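Q: Below is the sequence, then the predicted model.
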Amino acid sequence: EAGVAQSPRYKIIEKRQSVAFWCNPISGHATLYWYQQILGQGPKLLIQFQNNGVVDDSQLPKDRFSAERLKGVDSTLKIQPAKLEDSAVYLCASSKGTRNYNEQFFGPGTRLTVL
Amino acid sequence: GNSVTQMEGPVTLSEEAFLTINCTYTATGYPSLFWYVQYPGEGLQLLLKATKADDKGSNKGFEATYRKETTSFHLEKGSVQVSDSAVYFCALISGGTGNQFYFGTGTSLTVIP
């Protein structure tokens, strides 16, 4: 079974530029998550999708971050414009459902450096 | 609210030493508890989980018991190997639907030969 795919693995941009990350979840997984992991901290949920609908985006900085999952499969996360404090690893995860016993499977992450 | 507190690292142990990484939690409802591991250059992987009080999760020689009375889920291994060097994250999912994870800050473990 293929895992969660993410690209790119690394990205370096200057502040005020835009950047987009892509995620392809495990086939058949209805729920998709984007997390932000700042160095030295645990992952923090940014947004959760169930199929192509948003379940929770309460911690997404909506003035600069956006995410979509138009066909209920792969997803993109965008930052526009980027700030220095956005430097982090952006993790995508997927699970079969939303019950609290459903394991989340994580991708390798995209490491973003904002200069 | 929901939160997870882990012991701070880094932790350095010699091979075959006993490992304990402390984890305590605060949660509403009846959470499920998890330990995830992140090997260098790789994504987070589920190590073990427990979904109700007194359950013991175990995998690859690691164990953790869901203690409701002490709100703890400490990770233990009797004899660590060099290959166990990684960052370990304790996490919980709040009770009910939504499946939002709350992660601890992670504990870095280095095992030396």
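A: Looks like it arrived, so ask away. Numbering: from 1, shown residues only, chains lettered A, B, ... in the order given.
Q: Only C-alpha atoms from now on, for both contacts and neighbour counts.
A: Will do.
Q: tell me which element the residue nearest in space to the middle of chain A falls in.
A: Central residue of chain A (Cα atoms, centre = their mean): A:W34, 2.7 Å from the mean position. If you go by DSSP states H and E, A:W34 is part of strand A:31-37.
Q: strand partners of that strand, parallel vs antiparallel please.
A: strand A:44-50 (antiparallel), strand A:88-95 (antiparallel) (DSSP bridges).
Q: Present those strands as CSV; the columns should include mean pLDDT and distance to A:A82.
A: Below are the strands paired with strand A:31-37 laid out as CSV (pLDDT from 0 to 100; distance: least, Cα to Cα, whole Å):
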stretch, mean pLDDT, distance to A:A82
strand A:44-50, 92, 15
strand A:88-95, 95, 12
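Q: Determine which stretch of the ones you listed is the most buried.
A: Ranked by mean neighbour count, the strands paired with strand A:31-37 are led by strand A:88-95 with a mean of 26 (mean count of other Cα atoms under 10 Å in any protein chain shown).
Q: could you point out which element follows the helix or strand of chain A with the lowest mean pLDDT?
A: Lowest on mean pLDDT, DSSP states H and E among the helices and strands of chain A sits strand A:53-56, with a mean of 88. For strand A:53-56, the following helix or strand on the C-terminal side (DSSP H and E) is strand A:65-68.
Q: at contact distance from chain B, anything in the least confident helix or strand of chain A?
A: Yes - using Cα under 8 Å from any Cα of the partner chain, strand A:53-56 comes into contact with chain B via A:V55, A:D56.
Q: Contact residues of chain A facing chain B?
A: Residues of chain A lying close to chain B (Cα under 8 Å from any Cα) are A:40-45, A:55-56, A:98-109.
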